[in-house]
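**Q** curious how this folds, go ahead:
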Amino acid sequence: MYGGSLSRKIGKKLSVLAVVVYLAFSVAAHAKSGLVKHTTTWQGLRRYYAVYTPRTLAAKPSLVLYLNSTSASPATEPPYFGLPPWEALAEQYGFVMVWPVSSYNSAHALWYWDCYETDTTFPINPDDSGFLRWLITSLQGQFAIGTGNTFVTGMSSGGFMAHRAATDLSDIVAAIAPVSGMIDIHPIGVNFLPPDPTNPISVYELHGDEDTEVPYCGGTGWFWGGLHDSLASVDDSMNFWISANSCTHRNTTQPLCTNGQPTAGVNRQDATGCNDGVEVVFEREKNVGHVWLRGTEAKVWAFFQNHARH
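**A** Okay, the predicted model is just below:
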């Protein structure tokens, strides 16, 4: 007898509740916009990261991580690099921007990433790859972001780590953009070959041809943690990713380096015909040293936009 009336009353209550929930969600979402710095613990070590949430998220938002370069900042001052330009892009395109901070090595008073073969330089293995996996999956769940729209870039030590993120985390990352960082760095006398990724992954690598800290054509030097290291060249990086992604076409057969020097006239390599339609691109930054040029973030984001995994 009163079922219809009760249903209407319940329906009204549910409608009101839905409005309240919607308003609460809207307020919460608005309150969370902007830059927020976080601390957490990973492997017993204090870790830092910052998240920038735009005022309006895109309908299908992306997640972009920037990995910092080596820093001599004090242990109490985590190096959050390159915030403002990325914030502006995040606002314009509605993506979530993240700055994970590298590990602090108290023995050498430096912040740098646990790239392949550098974990032994830390008093405690920081497991940066595991930390990034935890952070990425946590934020993907929080913001309903798919693995196909998750990207990693970085400079110097962060560029090396971006390569490692691609080999270790290709199941949750669609593309990387390392700047002034090679596929591999390892102690002299140690044979090491990075593992192939489990999934095809797009790569956009940039490197200055006058870089003396991470030489364009590879070499040796003293790097983080006091190791006398052997350093891959830009050709090594490109060849690794072209092979890992089984690319069949390259725009030029000329190498990027000839006799240990940048090859004249070869400023770009572009490999296509790769598994799952990914692409591997190298861009030579002419007359540029070891630096992230202002405007690089816009080029990196443009590449990411065009290389989501579908």
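**Q** residue ranges with poor pLDDT in this structure?
**A** Confidence mapping of the chain against pLDDT under 70 gives the ranges 1-31.
**Q** so which residue is dead centre in this protein?
**A** Of all residues in the chain, the one closest to the mean position by C-alpha atoms, centre = their mean is Val152, 1.9 Å from it.
**Q** helix, strand or coil for that one?
**A** The three-state assignment at Val152 reads strand, by DSSP: H, G, I helix; E, B strand; the rest coil.
**Q** ok, it - contacts?
**A** Taking C-beta atoms under 8 Å, 6 or more residues apart in numbering as the contact definition, Val152 lies against Val64, Leu65, Leu67, Leu132, Ala162, Ala165, Ala166, Leu169, Val173, Ala175, Ile176, Ala177. The way it works is simple: take the backbone N, C-alpha and C, and place the C-beta from them, glycine included.
**Q** how close does it get to Thr258?
**A** For Val152, the distance to Thr258 under the criterion C-beta to C-beta, to the nearest Å works out to 31 Å.
**Q** SS state for Ile172?
**A** Secondary structure of Ile172, reduced to three states by three-state DSSP: coil.
**Q** surely it meets Phe151?
**A** No - under the criterion of C-beta atoms under 8 Å, Ile172 makes no contact with Phe151, lying 10.8 Å away.
**Q** more crowded one of these two?
**A** Neighbour comparison, Ile172 and Phe151: the larger count goes to Phe151, with 29 against 19 (by other C-beta atoms under 10 Å).
**Q** what's opposite that one in the beta bridge?
**A** On the basis of DSSP bridges, Phe151 takes part in beta bridges with Val64, Ala175.
**Q** how about Ser243, phi and psi?
**A** The main-chain torsion angles of Ser243 are listed as degrees, to the nearest 10 and equal phi -70, psi -50.
**Q** who's in contact with it?
**A** Contact analysis of Ser243 by C-beta under 8 Å, 6+ apart lists Asp196.
**Q** and the gap between it and Glu213?
**A** Noted for Ser243: a distance of 27 Å to Glu213, by C-beta to C-beta.
**Q** do the same with Ile124
**A** Taking C-beta to C-beta as the measure, Ile124 falls 26 Å from Glu213.
**Q** that older thread, buried among the contacts of Val152? Need that as a selection in ChimeraX.
**A** To isolate the buried subset of the contacts of Val152 in ChimeraX, counting by 16 or more other C-beta atoms under 10 Å, use the following:
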select :64,65,67,132,162,165,166,169,173,175,176,177
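**Q** tabulate the contacts of Val152 (CSV), appending distance to Thr296.
**A** Formatted as CSV, the entries for those read as follows, by distance: C-beta to C-beta, whole Å:
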residue, distance to Thr296
Val64, 13
Leu65, 15
Leu67, 14
Leu132, 21
Ala162, 13
Ala165, 18
Ala166, 18
Leu169, 22
Val173, 19
Ala175, 15
Ile176, 14
Ala177, 9
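**Q** can you tell me which of the contacts of Val152 is nearest Phe304?
**A** Ranking the contacts of Val152 by separation from Phe304, with C-beta to C-beta as the measure, puts Ala175 on top at 5.7 Å.
**Q** now for the closest one: which residues touch it?
**A** With contacts taken as C-beta under 8 Å, 6+ apart, Ala175 has the following neighbours: Phe151, Val152, Ile201, Ser202, Val203, Tyr204, Val278, Phe303, Phe304, His307, Ala308, Arg309.
**Q** what is the neighbour count of Glu283?
**A** Neighbours of Glu283 under the rule other C-beta under 10 Å: 18.
**Q** my guess is it contacts Asp209. True?
**A** No - the pair Glu283 and Asp209 fails to qualify as a contact (C-beta under 8 Å) at a distance of 10.7 Å.
**Q** need the overlap of contacts for the two.
**A** A shared contact of Glu283 and Asp209, defined by C-beta under 8 Å, 6+ apart, is any residue touching both; here there are none.
**Q** rewinding a little: put together a markdown table for the contacts of Ala175, with distance to Pro100 on each row.
**A** Shown next, in a markdown table, are the contacts of Ala175 (distance: C-beta to C-beta, whole Å):
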| residue | distance to Pro100 |
| --- | --- |
| Phe151 | 13 |
| Val152 | 9 |
| Ile201 | 18 |
| Ser202 | 20 |
| Val203 | 19 |
| Tyr204 | 19 |
| Val278 | 24 |
| Phe303 | 20 |
| Phe304 | 17 |
| His307 | 21 |
| Ala308 | 21 |
| Arg309 | 21 |
